[in-house]
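1. predicted model and sequence follow; I will ask about them next.
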Amino acid sequence: MSGIRPTGFLHLGNYFGAVKNYVRLQNEFECYFMVADLHSLTTHPDTKELKTNVQRVLSENIACGLDPDNAALYCQSHVYETSELYLYLNMLAYIGELEKTVTFKDKVRQHENNVNAGLLTYPVLQTADIILHRASYVPVGKDQEQHLEMARQFANRFNHRYGDVFPEPHAFNYGDELVKVPSLDGAGKMSKSENQYATLYLSDDDELIRKKVMKAKTDSGPTEPNTPKPDYIENIFALMKLVSADDVIKKFEEDYATCSIRYGDMKKQLGEDMVSFIAPIREKADNIRNNEQYLKEVMEKGAEKARKSAKATMELVRKAMGLNYY
Ligand code: ADP
């Protein structure tokens, strides 16, 4: 089980941190992937663009290879059981631990005029989304590690108090480690709603991709052999490892080690490899997005599957809590 907020276009971080894993998981497990529209209200209360954004995220997920006939692909707000479980879990979450969450502190800084209670209890709602399907594996990027720890804690706390209902949820990635796709400006991660010029979106046109990559921060290059790479150069290599061929990466690693690297050439190559990676996804997503009827059917089918699973879990929850009086 996993989700993505409809707060803008998907980017390379969403792809490599999350969606790439969804596509593989759907063939091995019973999967639930949702567009987290309720979560987006914590920071984006204006709903004018929401429908368009939901359709975008759905289209982009499908363009990346998610099969709505295989995994349940649905909208969070279509599954009302989420809100019920969120309420019960809120009674098991302590204000102190929620206030200490790194993402909460970041968001308070970014949205100082809208520090709402939903922002504070974001990890509780996320836990409800996950354990509503009694999920064990949660494919997410590195930035979600702490939230998953909290989800484990809330699930265990529920089990302790009311009896074993939930398996422990764990952050999941097919590689050795959770992924963090760095932003092109050398600071932080690529993100939907911040630093848009330093983020590569799956909807960017070819010229924009090349332009963004060429603007990535570099310097005049190492002067001593085998100098450790500064973070912003490490980031460019990290991005190259996502999309470029092994021999290309090897060449630039050798050039760096021998102080003969030309960052202009490296970024040109990276730009071209990014274009080759992103363009087919963008074109597919554009076609899907224009088919509103198809997207409606996807959402309906996904919601039906998700509700079925949610209903079954909530029966167990109410029974465990002693809320079944008749
Ligand atoms: P955003 O931060 O771009 O708004 P979301 O919060 O909707 O994205 O996260 C959706 C998924 O994408 C999560 O699993 C998250 O861990 C992953 N993700 C987001 N940004 C990155 C990144 N730069 N690198 C790796 N994974 C990321």
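-> Looks like it came in fine. Residues are numbered from 1 along each chain as shown.
2. use CA for all of it now, contacts and neighbours both
-> Noted.
3. buried sites along the longest helix along the chain?
-> Looking across the chain with DSSP state H, the single longest helix is helix 292-321. Across helix 292-321, burial judged by 16 or more other CA atoms under 10 Å covers 295, 298-307, 309-311, 313-314, 316-317, 320.
4. what packs against that helix?
-> When contacts are defined as 3 or more CA pairs under 8 Å, 6 or more residues apart in numbering; DSSP states H and E, helix 292-321 sits against helix 50-63, strand 72-75, helix 81-90, helix 263-289.
5. dump those into CSV; add mean neighbour count, distance to Arg24 and mean pLDDT as well.
-> CSV is the format used below for these (neighbours: other CA atoms under 10 Å; distance: least, CA to CA, whole Å; pLDDT from 0 to 100):
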stretch, mean neighbour count, distance to Arg24, mean pLDDT
helix 50-63, 22, 13, 97
strand 72-75, 26, 14, 98
helix 81-90, 18, 26, 98
helix 263-289, 18, 17, 98
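6. what parts of the chain come near the ligand?
-> When proximity is defined by CA under 6 Å from any ligand atom, the chain lies next to the ligand at 4-5, 13-14, 17-18, 140-144, 179-182, 189-192.
7. give me the subset of those lying in strands.
-> Applying DSSP state E to those, the entries found in strands are Ile4.
8. which other residues reach whichever strand or helix holds Tyr22?
-> Using DSSP states H and E, the element containing Tyr22 is helix 20-25. The list of residues contacting helix 20-25 from outside it, by CA atoms under 8 Å, 6 or more residues apart in numbering, reads 31, 33, 64-67, 139, 173-174.
9. please report how far the nearest residue to Lys180 once chain neighbours are set aside lies from Gly118.
-> Leaving aside its chain neighbours, Lys180 sits nearest to Lys142 (5.4 Å; criterion: CA to CA, 6 or more residues apart in numbering). Here the distance between Lys142 and Gly118 works out to 22 Å (CA to CA, to the nearest Å).
10. same thing with Pro230?
-> For Pro230, the distance to Gly118 under the criterion CA to CA works out to 38 Å.
11. comparing these two, which residue is more hemmed in?
-> More neighbours sit around Gly118 than around the other of Pro230 and Gly118, counting by other CA atoms under 10 Å; the figures are 15 against 12.
12. that one against Ser40, yeah?
-> No: the pair Gly118 and Ser40 does not pass the contact test of CA atoms under 8 Å, sitting 10.0 Å apart.
13. what's the burial count for the residue in the stretch 201-326 of the chain positioned nearest to the ligand?
-> Closest approach of the stretch 201-326 of the chain to the ligand (CA to the nearest ligand atom) occurs at Tyr201, with a separation of 9.9 Å. In terms of burial, Tyr201 registers 24 neighbours under the definition other CA under 10 Å.
14. double-check it against Tyr15; I have them as touching.
-> No: between Tyr201 and Tyr15 there is no contact, the gap being 9.6 Å when judged by CA under 8 Å.
15. show me where the stretch 51-200 of the chain has its helices.
-> Secondary structure of the stretch 51-200 of the chain by DSSP state H, counting those that start in this stretch: the helices cover 81-90, 95-99, 102-110, 117-120, 122-131, 145-162.
16. of all those helices, which lies closest to Asp219?
-> With CA to CA as the measure, helix 102-110 is the member of the helices of the stretch 51-200 of the chain nearest Asp219 (29.5 Å).
17. fine by me, thanks again.
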